[in-house]
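Student: Structure, please.
(2 chains)
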Amino acid sequence: MQAFTQLTGITAPLDRANVDTDMIIPKQFLKSIKRSGFGPNLFDELRYLDEGQPDQDASKRPINPDFVLNFPRYKGAKILLAKDNFGCGSSREHAPWALLDFGISCVIAPSFADIFYNNCFKNGMLPITLLSEQVDQLFEDTQANKGFELTVDLETGVIRGSSAGDIAFSIDSFRRHCLLNGLDDIGLTLEQTSSIKRYEQKRQQQAPWLFN
Amino acid sequence: MAAKTLYDKLWDAHLVKQQDDGSCLIYIDRHLLHEVTSPQAFEGLRIAGRKPWRIDTNLATPDHNVPTTFDERAIGVEGIEDPVSKIQVVTLDDNCDEFGITEFKMQDERQGIVHVVGPEQGATLPGMTVVCGDSHTATHGALGALAHGIGTSEVEHVLATQCLIQKKSQNMLVRVDGDLGEGVTSKDVVLAIIGVIGTAGGTGYAIEFGGKVFEGMSMEGRMTVCNMAIEAGARVGMVAVDQTTIDYVEGRPFSPKGANWDLAVAAWQDLHSDADAEFDHVVVLDGAGIAPQVTWGTSPEMVLPVFANVPDPAKEKDDVKASGIIRALEYMGLTADQAITDIQLDRVFIGSCTNSRIEDLRAAAAVVEGHQVAKTLKQALVVPGSGLVKAQAEAEGLHTIFTNAGLEWREPGCSMCLAMNADKLGAGEHCASTSNRNFEGRQGFGGRTHLVSPAMAAAAAIAGHFVDVRTFN
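Tutor: Coordinates of the predicted model:
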């Protein structure tokens, strides 16, 4: 997994609550058996004016000029500002894959849906939860300044660049450690093989019907 | 010993190890797989040269992509017309064959929607941890299991280690007291709950559904309720084990037998929250106050009783909520304060992991029997949740009732719930759907979904618009 330490980039504001995973990546693009290539279809129904299909040439499709990620000033955005309950709905990991493939590896919102939040960390992405007032401040900064960039520093737990000064954020220590070091969860768990085997032996005695 | 909730008990029984930083390793008893969220996980195993930890805990079936027409299904996988869907189904078959995982393939009578198949086979049991790369895995909590959806990286993690790295959620009790009125179903109950707590109300919580209404509910009804816990933001929904649970599980193909059955039943007696257990949050509803529900907007929390009018944003004081209402009304093609019963429908869908079990089909058939689908409707689909549900329904003659009334009787799969196969809405079409999500575009590009119970969907199919099933004849 790619490590996440510090990120500086254009910040795009998506002013909408309850953005669901169907919106982030519609179902017709879930048919791929790969982890990559979802970027052109990120927010497909919002980004384009036609109905998206797999295997289209995205450069030939009519874009929706009113959708924020299509504004020239947010081209190349690496950080997404969002509203409450971002990523609600299905467990599809294609949602973080699509954001990452598009170039966004950090999402800042007042709250996230649990499964989406969890899926981000498995892919070297950082979802940051801030207070609503702090997120509103960042929306204002972004909208007021063309080319507005933020710097997210996971090591120190600080977001720099807001007109209101540095903003501290916190991340669960295990997840932070994995992200900073780009650690593979499976490899870490397999280091616990003897604990897992001990558990299985004990459990088999208590609940033999689970071991056939 | 401190009093425990059901969730506490299930968590503690599966805790392999707690790290100093508070992260926990949790053991997984049952892993269900389908074709959409597993290919990248198997690929990950191959690249890393890893083998599944315990093959026998895995059970797979294709459901999201499979066609539901008889003709496309008749010739097997080769008959899937959409080449991209076919690749996913074939890939699941190949992966299961390669790793030796039990799979109910598309032509197997036991194939179906993974959340219908698991309980039906006794593959999900009380007291188990159950995971699947699908957010509606909460369904299995109806059996007193700890069940939740996971992403594809976690599918790979479970395959490789039989464990997940987790943080414990908080405990929430949703208690529905009293009795439900005639014509009010489990679907109405869960929609009403989501209407009260909101789509993010359960975020960070494991929800236990308790109270007289759930005690008196069938297993199918409990599955409908737990299925939609995620629509309230909670990964986990569950109901305590009682005699209804045990009667349901007994005798199923994967259920314990003989001496193991007796041992299991004895152990399952403890699968309820202790009387003095404390919850972090408690929500109480009165069952008698719940009417048949219809969603009018683009989030499951945008729900009202069938006799209500859709909201008027001008009357909403909160600006954020008002703009949400305006956006939803525009997408749904509705006018402020319009009566829900005036919404004209284009299609009806009866199916999905929420409502495709035998009880759901019986309820829908009872409503349509002797009637004809409204001429204004383009299509009314009935899609059973599994091959075995289909066979049972046919043995009871339900398929004839549906087809005589002008509804289409299909082969099992997820179908129009998420429109990954050919069953979908056209832009601007209104659908009365027994599924679980009314997000924009969920059932097809520009499609407009209204979530309802099977009986309400059936009544709407006959009337061509929403009607209160309690007064429908």
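Student: Heading C-terminal from the helix ranked longest in chain B, find the next helix or strand.
Tutor: Longest helix of chain B, by residue count under DSSP state H: helix B:83-99. Scanning forward in sequence from helix B:83-99 by DSSP states H and E, the next helix or strand is strand B:102-103.
Student: That next one packs against which elements?
Tutor: Judged by 3 or more C-beta pairs under 8 Å, 6 or more residues apart in numbering or on different chains; DSSP states H and E, strand B:102-103 is in contact with strand B:58-60, helix B:83-99. C-beta: built from backbone N, CA, C; applies to glycine.
Student: Figure out how far the helix or strand following that strand is from the centre of its chain.
Tutor: Next along the chain after strand B:102-103, taking DSSP H and E as the criterion, comes helix B:114-121. Helix B:114-121 has its C-alpha centroid displaced from the chain centroid by 11 Å (C-alpha atoms, centre = their mean, to the nearest Å).
Student: need the next SSE after helix B:114-121, C-terminal direction.
Tutor: Taking DSSP H and E, what comes next after helix B:114-121 is strand B:129-132.
Student: Would you list the strands that that next one pairs with, along with their directions?
Tutor: According to DSSP bridges, strand B:129-132 forms sheet pairs with strand B:30-33 (parallel), strand B:146-149 (parallel).
Student: Residue 54: neighbour count?
Tutor: No chain in the question, so chain A it is. Neighbour count of residue A:54, defined by other C-beta atoms under 10 Å in any protein chain shown: 14.
Student: nope, chain B
Tutor: Residue B:54 has 16 neighbours, counted by other C-beta under 10 Å.
Student: One more: residue B:473?
Tutor: Neighbour count of residue B:473, defined by other C-beta under 10 Å: 9.
Student: What is the longest strand of the chain by residue count?
Tutor: Chain wasn't specified; assuming chain A. strand A:6-13 (DSSP state E).
Student: That was the other one, I meant chain B.
Tutor: Looking across chain B with DSSP E, the single longest strand is strand B:170-177.
Student: any residue of that one up close to chain A?
Tutor: No. Strand B:170-177 does not reach chain A (C-beta under 8 Å from any C-beta of the partner chain); its nearest approach is 11.4 Å.
Student: ok, residues contacting that strand?
Tutor: Residues outside strand B:170-177 that contact it (C-beta atoms under 8 Å, 6 or more residues apart in numbering or on different chains): B:5, B:7-8, B:189, B:193, B:197, B:202, B:204-214, B:234, B:273, B:277-287, B:290.
Student: One more: stretch A:139-146?
Tutor: Contact with stretch A:139-146 is made by A:11, A:12, A:13, A:15, A:73, A:81, A:148, A:161, A:162, A:163, A:164, as judged by C-beta under 8 Å, 6+ apart.
Student: Residue B:369 contacts residue B:405, doesn't it?
Tutor: Yes. Taking C-beta atoms under 8 Å as the definition, residue B:369 is a contact partner of residue B:405 at 7.1 Å.
Student: pLDDT below threshold where in the chain?
Tutor: Going with chain A. Within chain A, no stretch falls below the threshold (pLDDT under 70).
Student: need the strands for it, in chain order.
Tutor: A:6-13, A:79-81, A:106-109, A:126-129, A:149-153, A:158-160, A:167-168.
Student: if we compare the ones you listed, which one ends up closest to residue A:191?
Tutor: Minimum separation from residue A:191 across the strands of chain A (C-beta to C-beta) falls at strand A:126-129, 24.2 Å.
Student: CA atoms only for the closest one, dumped as PDB, please.
Tutor: Listed next in PDB are the C-alpha coordinates belonging to strand A:126-129 (Å, rounded to 0.1, in the frame of the first residue of the first chain):
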ATOM      1  CA  LEU A 126      -7.100   9.700   4.400                       C
ATOM      2  CA  PRO A 127     -10.600  10.700   5.400                       C
ATOM      3  CA  ILE A 128     -10.600  13.500   7.900                       C
ATOM      4  CA  THR A 129     -13.500  14.400  10.200                       C
END
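Student: ok, it near chain B or not?
Tutor: No. Remark: strand A:126-129 sits outside contact range of chain B, by C-beta under 8 Å from any C-beta, the gap being at least 10.8 Å.
Student: That strand pairs with which strands?
Tutor: Paired neighbours of strand A:126-129 in the sheet (DSSP bridges): strand A:106-109 (parallel).
Student: Give me the residues contacting the strand it pairs with.
Tutor: A:4, A:7, A:78-84, A:86-87, A:99, A:120, A:125-130, A:135, A:138, A:152, A:159.
Student: Just the buried residues from those, in ChimeraX please.
Tutor: Of the contacts of strand A:106-109, the buried ones can be selected in ChimeraX as follows, counting by 16 or more other C-beta atoms under 10 Å in any protein chain shown:
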select /A:4,7,78,79,80,81,82,83,84,86,87,99,120,125,126,127,128,129,130,135,138,152,159
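Student: re the thing from before, just the buried residues out of the contacts of strand B:170-177, in PyMOL syntax.
Tutor: Per 16+ other C-beta under 10 Å, the buried members of the contacts of strand B:170-177 correspond to this PyMOL selection:
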select buried, chain B and resi 5+7+8+189+193+197+202+204+205+206+207+208+209+210+211+213+214+234+273+277+279+283+285+287+290
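Student: Helices - which of the contacts of strand B:170-177 land there?
Tutor: Per DSSP H, the contacts of strand B:170-177 map to helices at B:7, B:8, B:189, B:193, B:197, B:212, B:213, B:214.
Student: Pull the residues that contact the longest helix of chain B.
Tutor: Contacts to helix B:83-99, defined as C-beta under 8 Å, 6+ apart, come from residues A:31-33, A:54-55, B:33-36, B:38-39, B:42, B:45, B:51-52, B:55, B:60, B:62, B:64-67, B:77-78, B:80, B:101-103, B:105-106, B:420-421.
Student: go again using 7 Å as the cut-off
Tutor: A:31, A:33, A:54, B:35-36, B:38-39, B:42, B:52, B:55, B:60, B:62, B:65-66, B:77, B:80, B:103, B:105-106, B:420-421 (C-beta atoms under 7 Å, 6 or more residues apart in numbering or on different chains).
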